[in-house]
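In: Please find the sequence and the predicted model below.
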Amino acid sequence: MNSMKKNLPVVFGSCVFLLLFFYQQKQLAFHFFYIEQEQLFLWSRDYFLSNLLEPAGLVSWLTAFCVQFFVHPYFGALIMSVWLTAVGLLTAGIVRRIAPTSNLFILSLLPVVFLLFLHFDMNYLYKGTMAYSFMLAVMYGYFCILHSTARVVYVTISGILLFWSSGAVAFLFVTGVILWEILNRFNRAYFFIIPLISVTGLVLWSVYSSLVGDFRFLMLPDGYYSFRLRSGVTLYFSWIYMILLLLICRFMRNRKKIRRGLESALLLVLVMGTFHFGMGKFVNRNADFYKELDYYMRTEQWDKIIERCDRDVTNYLYMCSLNLALAEKGELSERMFSFTQNRIQGIFLPWNQTLQSSVLLSDIYFSMGHIALAQRMAFEANECMPHPGGPRMLKRLIQTNLIFGAYPVAEKYIDLLEQSPCYKKWAQDHRRFLWNDEAVASDNLLGMKRRCIPKENFISEYQDVVADLEYIARQNPAHQASIQYAGAFYLLSKEILLFKEFVEKYYGTAVLPALPKSYQEAVIILSEQDPSYLERFSISESVIRRFQELRRQVTANKSNNAALPGLLKKSFGDTYWYYYMFK
C-alpha cells in the first residue's frame, strides 16, 4: 500500500503528460507554429540582462527560450505538456501537504484544464503558465515550513523574488498565504502583511519608475496577456481556483474517509465535465484553419494550401492564401475560378493594421513583386507583435533590403537573426549577399525580385496597386505573378472594359504571350456584341464549345431564373462566366 502511494505521483504525472501531449499535438500543432513566429529569442548576454531588468523578466526569457523550439514539429506539444504536468503535480503536492487524508488530489487537474483553455488563445503569453508553475513551487515550499518566523521570512523573500522573476503571480502567492494563515493561525496572521507590503512596494516602484505602464499588469493575470487587448474571464479561472482550492482543502481535510472510489469518480467527472463545457464555451477555434494555412505559406507548401482550400471558403484570409499559392505556382490566371472567389478582397486583403493582415499582405506584395510595399507591411507586422521582431518578418526585411541593395540595413538584421539558435544558419547563408550585387542578381529569388524594382521614380498607387503591377510586369515580364495578379484585379472586380484594354495592350507581348483559361473566357464575354473580336486572339476550341453549351442551357432555363445558378454550378462553376453572372 505504501509503495502504491509512493508511485502515485509518477503514475498520475505520466498519465496527465501523455494525455496532454497527444491532445495538444492533435489540436494545437499549427497554433504552436504560429505562436513561435511572434517572438525572436536571442542567445546573447544583452538580451538576457535586458529581460532581468524588469518584472517577470526571468519567465519572459525562459518562455522565449522554450517557444523558439516550437518551430520543430512536436516540440510545442512536448514542452507545454511538461509545464502543464508540472502545474498538476505541484497542485497535487500542495493538496497532499495540507489535506493528506482527503481524496481531493483529482481537483489538482482543474488548473491544468483552465490553463489549457488559454493555450488556444493566440493573445495569451505562455509565460503565464510558467509563472503559475513557479508560484505553485514556491507555495509548496511554504507549506513545508513549520516554524512561524521562518514562514514569514520565507514568504517575504520568496514574494519579492517571485515578483521580479515571474510578475503578477507574486500577488496570488502572498494573497493565498495570508488567507491560509487567517484560517489556521489567526492570532499570528498579521505578520504576513509584511510580504504583502513588500510586493506592493515593488509594484508601486515599477509603475512610477515607468518599468510597467499599468498596475493591472503587475497585480492581475492581465500581465500574461497581450498588452494591446483586454483579456476575457478565462484568464482569471486558474487564479480564482487557487484560492478556492485552499478553502476546499481547509474545510474538508479532516472529514471521514467514506466511499473514496465513488468520490474519486465524481471528482473525475467534474474535471471532465469542466473540460468539455469549457472547450465549447471559452475556447475560440475560428482561427485554427488560418493558422494551418499560415504555416504552409511560411514553409512554401503551396500544394498543401490548394489541397486544403479545395472546398467552399468564404473567409478573405483563406481566399488570399489560396490565390497566393496559385500565383506562386504560376496558376492563378489558369485556375482561380476553379475555387471560390469573391471580389478583389479575395486576392488583396484590405489592411486593417492587425498582425494577420500585415503579415499576409507582406507575403502577397512580395509574391506580386511589389518589394517596397512588402517591406512596409513587414515593418507594420513587427510593430503589431507582442514581442517586436518576429523571425518571419525579420527574414522578409533582410530579403527586401538585400533586393534594394541597402546592405548596411540588411546586415543589421542579419546580425540580429544570427543570435537566434534556430535561425542562425539561415542568416549566415544570406550574409554572402552583402555588398555582392552579382550574388544577388544570380540568385533565383532575390535576383528575380530585384528586377521588379522600378528603374524610374514614381508614386506607388497604394489604393490602386494594379497600375504598379502593370509597370512591374512591363519591366520584368519573366515575373509572371505580377501580370497574373493585375489581370485578376480586373476579372474579380468585373471591370470588363478595363480588362479589354489590358488584354489588348499586353496580348502577344513578352508580358502576356498567350491567354490563360480565365482570360479566354473573359474575351468571349467581350465578343458577345462583336463575334469578330475573337479572331484577334487564340481561343481554345474546347473553351468555345463549352461557352456554346452554357448559352444553350441558359436559353433552355430562361423561364427559371431563380434556379439557374444551381443548375449551372455543377457544369460551369469553375468558369469566369459563372462568376461574372452570379457572384
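Out: Great, that's in hand.

In: The closest residue to V359 other than its chain neighbours: neighbouring residues, count only.
Out: Ranked by C-beta to C-beta, 6 or more residues apart in numbering and with sequence neighbours excluded, the top spatial neighbour of V359 is A381, at 4.7 Å. For glycine as for every other residue, the C-beta is placed from the backbone atoms N, C-alpha and C. Taking other C-beta atoms under 10 Å as the neighbour definition, A381 ends up with a count of 27.

In: switch to numbering from 39
Out: Renumbered: residue one is now 39, and that last one reads A419.

In: isn't there a strand covering A419?
Out: No. Checked against DSSP: H, G, I helix; E, B strand; the rest coil, A419 lies outside a strand; its state is helix.

In: and it, what does it touch?
Out: L393, S396, V397, S400, G428, M431 (C-beta atoms under 8 Å, 6 or more residues apart in numbering).

In: Quick check: next helix or strand after the strand or helix carrying L242?
Out: L242 is located in helix 231-246, with elements delineated by DSSP states H and E. Next along the chain after helix 231-246, taking DSSP H and E as the criterion, comes helix 254-257.

In: Can you name every helix or strand that that next one contacts?
Out: Here helix 254-257 touches helix 231-246, going by 3 or more C-beta pairs under 8 Å, 6 or more residues apart in numbering; DSSP states H and E.

In: quick one: V241 from G214, how far?
Out: 17 Å (C-beta to C-beta, to the nearest Å).

In: And H408, by the same measure?
Out: Relative to G214, and taking C-beta to C-beta, H408 is found at 55 Å.

In: So for those two, which sits in the more crowded spot?
Out: A side-by-side neighbour count of H408 and G214, using other C-beta under 10 Å, places H408 first with 27 against 20.

In: OK, contacts around that one?
Out: H408 makes contact with C490, S498, V503, D506, L507, I510, according to C-beta under 8 Å, 6+ apart.

In: Distance to I144 added to these, as TSV?
Out: Written out in TSV, the entries for the contacts of H408 read as follows (distance: C-beta to C-beta, whole Å):
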residue	distance to I144
C490	62
S498	62
V503	58
D506	62
L507	61
I510	63
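
In: Pick out the lowest-pLDDT one from these.
Out: Lowest in pLDDT among the contacts of H408 is S498, which has 53.

In: Dump the contacts of H408 into a markdown table; add secondary structure and neighbour count as well.
Out: Converted to a markdown table, the contacts of H408 look like this (DSSP: H, G, I helix; E, B strand; the rest coil; neighbours: other C-beta atoms under 10 Å):
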| residue | secondary structure | neighbour count |
| --- | --- | --- |
| C490 | coil | 24 |
| S498 | coil | 15 |
| V503 | helix | 21 |
| D506 | helix | 24 |
| L507 | helix | 25 |
| I510 | helix | 26 |
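
In: Of those residues, which is the nearest to L304?
Out: The shortest distance between L304 and any of the contacts of H408, using C-beta to C-beta, involves V503 and amounts to 61.8 Å.

In: Hmm, the closest one is touching L387, no?
Out: No. Taking C-beta atoms under 8 Å as the contact criterion, V503 and L387 are not neighbours in contact, 11.8 Å apart.

In: pLDDT wise, what is R293 at?
Out: Per-residue confidence (pLDDT) for R293: 63.

In: Let's see if you can find the most crowded of the contacts of A419.
Out: Ranked by the number of neighbours (other C-beta under 10 Å), the contacts of A419 place M431 first, at 29 neighbours.

In: need the contact list for that residue.
Out: V397, S400, A416, A419, N420, M423.

In: Of those, which pair is most distant in space?
Out: Of all pairs in the contacts of M431, the most separated under C-beta to C-beta is S400 and M423 at 12.7 Å.

In: just the CA coordinates of the worst-scoring helix or strand of the chain on mean pLDDT, formatted as CSV?
Out: Within the chain, no helix or strand scores below helix 602-610, which has a mean of 82 by mean pLDDT, DSSP states H and E. Taking Å, rounded to 0.1, in the frame of the first residue of the first chain, the C-alpha atoms of helix 602-610 are listed here in CSV:
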residue,chain,number,x,y,z
LEU,A,602,-30.4,28.9,-62.8
PRO,A,603,-27.3,29.4,-60.6
GLY,A,604,-27.8,26.0,-59.0
LEU,A,605,-28.4,24.3,-62.4
LEU,A,606,-25.2,25.8,-63.9
LYS,A,607,-22.9,25.5,-61.0
LYS,A,608,-22.1,21.8,-61.4
SER,A,609,-21.1,22.2,-65.1
PHE,A,610,-19.8,25.7,-65.2
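
In: same for it, what does it pack against?
Out: If contacts are counted by 3+ C-beta pairs under 8 Å, 6+ apart, helix 602-610 sits against helix 579-594, helix 614-620.

In: highest average neighbour count across those helices?
Out: Of the helices and strands packed on helix 602-610, the one with the most neighbours on average (mean count of other C-beta atoms under 10 Å) is helix 614-620, at a mean of 19.

In: Show the average pLDDT along it.
Out: Averaging the model's pLDDT scores along helix 614-620 yields 90.

In: same thing with stretch 392-399?
Out: Rounded mean pLDDT across stretch 392-399 is 89.

In: Output that stretch as PDB, restricted to C-alpha atoms.
Out: Output in PDB follows, covering the C-alpha atoms of stretch 392-399 (Å, rounded to 0.1, in the frame of the first residue of the first chain):
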ATOM      1  CA  THR A 392      -3.600  43.900 -37.400                       C
ATOM      2  CA  LEU A 393      -0.800  41.400 -37.300                       C
ATOM      3  CA  GLN A 394      -2.600  38.900 -39.500                       C
ATOM      4  CA  SER A 395      -3.400  41.300 -42.300                       C
ATOM      5  CA  SER A 396       0.100  42.900 -42.200                       C
ATOM      6  CA  VAL A 397       1.900  39.500 -42.500                       C
ATOM      7  CA  LEU A 398      -0.400  38.300 -45.200                       C
ATOM      8  CA  LEU A 399      -0.100  41.500 -47.200                       C
END
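
In: And that stretch, how far out from the chain middle?
Out: Mean C-alpha position of stretch 392-399 versus that of the full chain (C-alpha atoms, centre = their mean, to the nearest Å) differs by 11 Å.

In: likewise stretch 513-521?
Out: Between the mean C-alpha position of stretch 513-521 and that of its chain there is a distance of 31 Å (C-alpha atoms, centre = their mean).

In: got the contact list for that stretch?
Out: Residues from elsewhere that reach stretch 513-521, judged by C-beta under 8 Å, 6+ apart: 365-366, 368, 370, 405-407, 486-487, 489-490, 492-493, 507-508, 510-511, 544, 547-550.

In: Just the ones of those in helices?
Out: Applying DSSP state H to the contacts of stretch 513-521, the entries found in helices are A365, E366, L370, S405, M406, M486, K487, L507, E508, I510, A511, Y544.

In: Now the longest helix along the chain: buried residues?
Out: Using DSSP H, we find that the single longest helix of the chain is helix 40-74. Of all the residues in helix 40-74, those buried under the rule 16 or more other C-beta atoms under 10 Å are 50, 54-55, 58-59, 62-63, 65-74.

In: now do stretch 87-104
Out: Using 16+ other C-beta under 10 Å as the burial criterion, the residues of stretch 87-104 that qualify are N89, P93, A94, G95, L96, V97, S98, W99, L100, T101, A102, C104.
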